[in-house]
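Peer 1: have a look; sequence and predicted model below, questions after that.
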Amino acid sequence: MQVVIRTDASVRIGIGHVMRCLTLAASLRKNGAFVQFVCREHPGHLCDYIQHQGFAVQRLDAVQRSEIDESSQQGYESWLGDSWSRDADQTSDIMSRNRSSVDWLIVDHYAIDSRWEERTRKLANRTMVIDDLANRVHSCDVLLDQNLYANMEGRYRSLIPESCLQLLGPRYALLREEFQNARKNARTRSGSVRRILVFFGGSDPTNETEKALKAIKRLQQSDILVDVVVGGSNNRRQHIEALCSQMANVHFHCQIDYMSELMAKADLAIGAGGSATWERCYLGLPALVVTTAANQVEVTEAVSRAGALIYLGHFEQVSAQTIFDALLVLLSRLEEVSGMSRKALELMPAAESGGAEYVAGLLMK
């Protein structure tokens, strides 16, 4: 089976789309599929990292802003880094060079809609879209949205073909195999906070990591161990590493492949919304969450209402003082921390043999 995945990472986009696609790609490869990626070389792209995972990457050149008709691009559409039509033609050209037909084209990109999907459809037998915005029309056979919403079943009703199979909710979350293994030993936390994990995504463009570090430093509790994780696309990673080195109880980690291990050890996380929400919940890890992108807000609010995290607000309204105050309260509320852990596990039942494995098996049929 031939599979092509069109997705991107960048300082602006973040790394979440690529990382969840890599998870699905690994499950597809395990089932015998040949998977290749099509990615544009934005600043902060992960093309080299994808190749390091053993997948072929067809690279699209980063386009100079002067070459793009910016007047025709609004909002997420500008994240593509080129016009949708040229991007679709470039992707179609790549697929046409395959020795055999493409069985599945998988698209995970906020800038792509039905226009792009219709143009590439003739070169792939079937198309799958991974989305969580529900803000544009899609032309696809399968749609996956792994997030939690109040009106989950009806969000895409007018945006996809009637025949499209919808895979909706956290039970389909694309979690890496390391999380599947760690889930076997997942525990409800006691509520005592002796280890904190700080992770605000691969690029952390709003520098929430530094806010968290300042808050933790103010606690002056050297008996609490802290793991700080940043991605290779974080432009402030050297500065963050220097800050960590000044705190005896803080360990710095960059672009790691053992996140599940750190989450399993932690008693509390401080981080952003997005894909990490489901990783934390899957392992029963309570969290203080700051949203760093508009598309994270609705999901974070829903998970907060479910009792699995505490939402501190959007980054513009959150300071180091905000995080410090929340930490100070939680450290004395063991039952609340333990309750968050229990509700996080309940929110993410180990169903469908793990989201990635289930979805891969479905596509292989």
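Peer 2: Received, thanks. As the structure is a prediction and not an experimental result, all values here were calculated from the model.
Peer 1: can you list the domains in the protein?
Peer 2: Following automatic domain parsing, one finds the domains of the chain at 2-173+351-364, 179-347.
Peer 1: those: lowest mean pLDDT?
Peer 2: Looking at those, the lowest mean pLDDT belongs to domain 2-173+351-364 (a mean of 90).
Peer 1: so where do the strands sit in the stretch 101-250 of the chain?
Peer 2: Assigned by DSSP state E, counting those that start in this stretch, the stretch 101-250 of the chain shows strands spanning 102-108, 124-130, 142-145, 165-168, 195-199, 225-230, 250-254.
Peer 1: next, the angle strand 195-199 makes with the last one.
Peer 2: If I follow you right, that is strand 250-254. Relative orientation of strand 250-254 and strand 195-199, computed by axes from the mean of the first three to the mean of the last three Cα atoms, to 10 degrees: 30 degrees.
Peer 1: so in that sheet, which strands flank strand 250-254, and in what orientation?
Peer 2: With DSSP bridges as the test, strand 250-254 is paired with strand 225-230 (parallel).
Peer 1: in the strand it pairs with, what's buried?
Peer 2: Buried residues in strand 225-230, counting neighbours by 16 or more other Cβ atoms under 10 Å, are found at 226, 227, 228, 229, 230. C-betas here are computed from N, CA, C, even on glycine.
Peer 1: with stretch 239-249 instead?
Peer 2: 240, 243, 244, 249.
Peer 1: redo those residues as CSV? Include distance to residue 161.
Peer 2: Formatted as CSV, those follow (distance: Cβ to Cβ, whole Å):
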residue, distance to residue 161
240, 45
243, 50
244, 50
249, 54
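Peer 1: helices or strands next to the strand or helix carrying residue 59 in the packing?
Peer 2: In this structure, residue 59 sits in strand 56-60 according to DSSP states H and E. Applying 3 or more Cβ pairs under 8 Å, 6 or more residues apart in numbering; DSSP states H and E, one finds that strand 56-60 contacts strand 34-40, helix 47-52, helix 84-96.
Peer 1: run the chain-centre distance for stretch 99-115.
Peer 2: Put simply, stretch 99-115 sits 19 Å off its chain's centre (Cα atoms, centre = their mean, to the nearest Å).
Peer 1: mind exporting that stretch as PDB, just the C-alpha atoms?
Peer 2: Below are the C-alpha coordinates for stretch 99-115, written out as PDB (Å, rounded to 0.1, in the frame of the first residue of the first chain):
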ATOM      1  CA  ARG A  99       5.600   3.800  -9.600                       C
ATOM      2  CA  SER A 100       2.200   2.600  -8.300                       C
ATOM      3  CA  SER A 101      -0.900   4.500  -7.500                       C
ATOM      4  CA  VAL A 102      -1.400   6.200  -4.200                       C
ATOM      5  CA  ASP A 103      -3.900   4.300  -2.100                       C
ATOM      6  CA  TRP A 104      -4.300   7.000   0.600                       C
ATOM      7  CA  LEU A 105      -3.500  10.700   0.600                       C
ATOM      8  CA  ILE A 106      -3.600  11.900   4.200                       C
ATOM      9  CA  VAL A 107      -3.800  15.700   4.800                       C
ATOM     10  CA  ASP A 108      -3.200  17.400   8.200                       C
ATOM     11  CA  HIS A 109      -3.000  21.100   7.500                       C
ATOM     12  CA  TYR A 110      -5.200  24.000   8.600                       C
ATOM     13  CA  ALA A 111      -4.500  25.800   5.300                       C
ATOM     14  CA  ILE A 112      -5.900  23.000   3.100                       C
ATOM     15  CA  ASP A 113      -9.600  22.700   2.200                       C
ATOM     16  CA  SER A 114     -11.800  21.000  -0.400                       C
ATOM     17  CA  ARG A 115     -10.300  23.000  -3.300                       C
END
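Peer 1: list the buried ones in that stretch?
Peer 2: 102-114.
Peer 1: try stretch 176-189
Peer 2: 176, 178, 179, 180, 182, 183, 186, 188, 189.
Peer 1: what is the nearest of the residues you listed to residue 52?
Peer 2: residue 176 (14.7 Å; Cβ to Cβ).
Peer 1: between strand 34-40 and the strand holding residue 59, find me the angle.
Peer 2: If you take the same axes, to 10 degrees, strand 56-60 sits at 20 degrees to strand 34-40.
Peer 1: direction included, what does strand 56-60 pair up with?
Peer 2: Partners of strand 56-60 in its sheet, by DSSP bridges: strand 34-40 (parallel).
Peer 1: how distant is the partner strand from the center of its chain?
Peer 2: 18 Å.
Peer 1: can you give the contact residues for that strand?
Peer 2: With contacts defined as Cβ atoms under 8 Å, 6 or more residues apart in numbering, strand 34-40 is touched by 1-9, 18, 21, 25, 28-29, 45-47, 50, 55-63, 80-82, 87, 90-91, 94.
Peer 1: would you list the buried entries among these?
Peer 2: Neighbour counting by 16+ other Cβ under 10 Å classes 2-9, 18, 21, 25, 28-29, 45-47, 50, 55, 57-58, 60, 63, 80-82, 87, 90-91, 94 among the contacts of strand 34-40 as buried.
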